[in-house]
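Novice: I would like the atomic coordinates for the input below:
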Amino acid sequence: MELRARMLGAVALVGALALSPSAFAAGTPQTNPTPQDRAATEKASEDSLARTRAAADADAAAVQRYQAQQATVMQERARLAAERAVYNREMAGRRWLAFYGHERFVEVMGVPRGRLIGRTVSARGGSVVGRITDIDVTGAGRVAISVRTGGTAWIDAQDVRFDPNSRVVYTDLSRDQIGAMANMRYPRF
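Specialist: Numbering: from 1, shown residues only. So this is what the prediction gives:
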């Protein structure tokens, strides 16, 4: 029993020493910062916040500049597209002046495909160039004309017109131009 009492006493002594304030303070770092540490921490926080705000302001300014430049580019594109449309209308009118009755011609993109597939295509002099085999309506549109040599020429739809009165399809390209297109390695694109 005496051994047991000694052991319990030793454990109690070790526990008391371990929990004493002086023993606890000696083994752990100081938890209360000094005023200089507080000031340095606050200055570092303020500096970091100022850098973050400056970066955010710079990013916002860059976004605004980009959006302004993008708006300018889009306005310029729209202006150029409008000018191109006017030019194309003027040029199309001049190109078709060589054809008798050109004022009644309609663009092939406005005609149902079924009315055009299989129709012969005539050039300015009235010579038959080939037959329409397909119409690609994506983008500005293209028309496939099968020529006598066995090739197919894909030409812009603006180069082909349809006369609803005579039901004839005309092109302002020559037979040689269409023949050259039909012999291209990749005529569609």
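Novice: wait, is residue 130 part of a strand?
Specialist: Yes: counting by DSSP: H, G, I helix; E, B strand; the rest coil, residue 130 is found in a strand.
Novice: Report pLDDT for it.
Specialist: Note on residue 130: pLDDT of 91.
Novice: Quick one: residues contacting it.
Specialist: The contact partners of residue 130, by CB atoms under 8 Å, 6 or more residues apart in numbering, come to 120, 121, 145, 146, 147, 148, 153, 178, 182. Heads up, the C-betas are built off the backbone N, CA and C, glycines and all.
Novice: Just the buried residues of the helix or strand that contains the second one, please?
Specialist: Counting by DSSP states H and E, the element that carries residue 121 is strand 120-122. Buried residues in strand 120-122, defined by neighbour count with 16 or more other CB atoms under 10 Å: 121, 122.
Novice: tell me how far it is from the chain's mean position?
Specialist: 39 Å (CA atoms, centre = their mean, to the nearest Å).
Novice: on that earlier part again, check the contacts of residue 130 for burial and list the buried ones.
Specialist: 121, 145, 146, 147, 153, 178, 182.
Novice: element containing the fifth one, please.
Specialist: Read that as residue 153. Assigned by DSSP H and E, residue 153 falls within strand 152-156.
Novice: neighbouring strands for that strand, and are they parallel or not?
Specialist: Paired with strand 152-156 in the same sheet, following DSSP bridges, are strand 142-147 (antiparallel).
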